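[1] everything below, folded, please.
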Amino acid sequence: MSVGKLTGPKKAAILLLALGEDGAAEVMKNLEESEIQQVGYYMTRFTDVAPEELDIVLEEFYRNSVMQEEGVNINASPDFVKNALSKALGADKAKELEGNLRSGQEEGGLDALRYVDPVMISNYIRGEHPQTIALVLAYLNNIEQSSTVLRSLPENLQADVMYRMAVIDSIPPGVVSEMNDVLFEEMKSASSMVTKVGGVTPVAEILNAVDKATETRILSTIEEQNPDLAEQIRELMFTFEDLSAIDAKQMQTVLKDVDIPDLTLALKTASDAVKELIFTSMSSKQGEM
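    Predicted coordinates for the structure are as follows:
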């Protein structure tokens, strides 16, 4: 795979490969899992990096570089990525992540998008039909990634895309194959099995991850088209913080059916407003427990 346009994940991948296994492992220890997946995706694909590309990366991080006239050969062997991941994360977690990376490498197409920067995905698909965009978001199966892509889309597309995603049940294999061809120059055939994606659950999770204004605007638009669908999404979007909207009497009714150990654990991440409402609504017996 050629490097192409240098993006953040690509530059990080080149740098880690140039550092060697031990150096790469030390850097990976400070990355989030999603970041490791993005960088690892490119690490498993790069073979040769042009001198000017390596120069850009090393100049940015070290302000000097060691270059060969004929180019720099970077060997992104399976062992390199495997060993670096093991040193950074431990054998078990490394095996899991490596499996994800290998899966993306073998399947290509839409599966490969799961390891690509969300802004890049948005640039790929923003010119496509809203139905195609909805299918891509459904196929990503990553709420953080999908919500970032959604925020990067034009506002006039967002509600339409979420509505279409909410009513998706499955993607026929022929459609997956066609989408692969549209998004990438070289694609492998999609699985012969129908892929179960979409539905109201991922839409609710994505909307929980975006800002309140975006959430309200999208839900209002969906409600105009299908009130029942909007209500299904809202029900799934109910979070612990929504409890602050109910009164003390209603809270007492809720608390009767809640186990104290579960409540104690949940309160660790609750806001002060929710904590105060719960404490004032608890019976004296519950409070002592």
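[2] rest of the way, CA atoms for contacts and neighbours
    Fine.
[3] all strands for the chain, in order.
    48-49, 72-73, 170-171, 195-196 (DSSP state E).
[4] would you mind giving the domain segments of this structure?
    For the chain, the structural domains run 8-106, 111-236, 240-288, going by automatic domain parsing.
[5] pipe those domains into JSON lines and attach mean neighbour count and mean pLDDT per row.
    Output for the domains of the chain, formatted as JSON lines (neighbours: other CA atoms under 10 Å; pLDDT from 0 to 100):
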{"stretch": "domain 8-106", "mean neighbour count": "17", "mean pLDDT": "68"}
{"stretch": "domain 111-236", "mean neighbour count": "18", "mean pLDDT": "78"}
{"stretch": "domain 240-288", "mean neighbour count": "13", "mean pLDDT": "72"}
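[6] and residue 247, what does it touch?
    Contacts for residue 247 (CA atoms under 8 Å, 6 or more residues apart in numbering) come out as none.
[7] same check, this time on residue 164
    130-131, 134.
[8] now, which of the residues you listed lie within helices?
    By the criterion of DSSP state H, membership of the contacts of residue 164 in helices covers 130-131, 134.
[9] distance to residue 282 added to those residues, as JSON lines?
    Below are those laid out as JSON lines (distance: CA to CA, whole Å):
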{"residue": "130", "distance to residue 282": "48"}
{"residue": "131", "distance to residue 282": "48"}
{"residue": "134", "distance to residue 282": "44"}
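[10] among these, which one sits closest to residue 11?
    Distance to residue 11, by CA to CA, is smallest for residue 134 among those, at 29.5 Å.
[11] how near is the closest one to residue 155?
    According to CA to CA, to the nearest Å, residue 134 stands 14 Å off from residue 155.
[12] could you do residue 231 as well?
    Computed as CA to CA, the residue 231 to residue 155 distance reads 22 Å.
[13] what do you get for residue 218?
    For residue 218, the distance to residue 155 equals 9 Å [CA to CA].
[14] what does residue 278 give?
    From residue 278 over to residue 155 the distance is 38 Å, taken as CA to CA.
[15] also residue 226?
    For residue 226 relative to residue 155 (CA to CA), the value is 19 Å.
[16] before we move on, what about residue 205?
    19 Å.
[17] then residue 219?
    13 Å.
[18] and if you look at residue 131?
    Distance from residue 131 to residue 155, by CA to CA: 15 Å.
[19] what's around the nearest residue to residue 208 once chain neighbours are set aside, how many residues?
    Excluding its sequence neighbours, the residue lying closest to residue 208 (CA to CA, 6 or more residues apart in numbering) is residue 237, at 6.3 Å. Residues within reach of residue 237, counting by other CA atoms under 10 Å, total 19.
[20] in contact with residue 237, which residues?
    Shown in contact with residue 237 (CA under 8 Å, 6+ apart): 204-205, 207-208.
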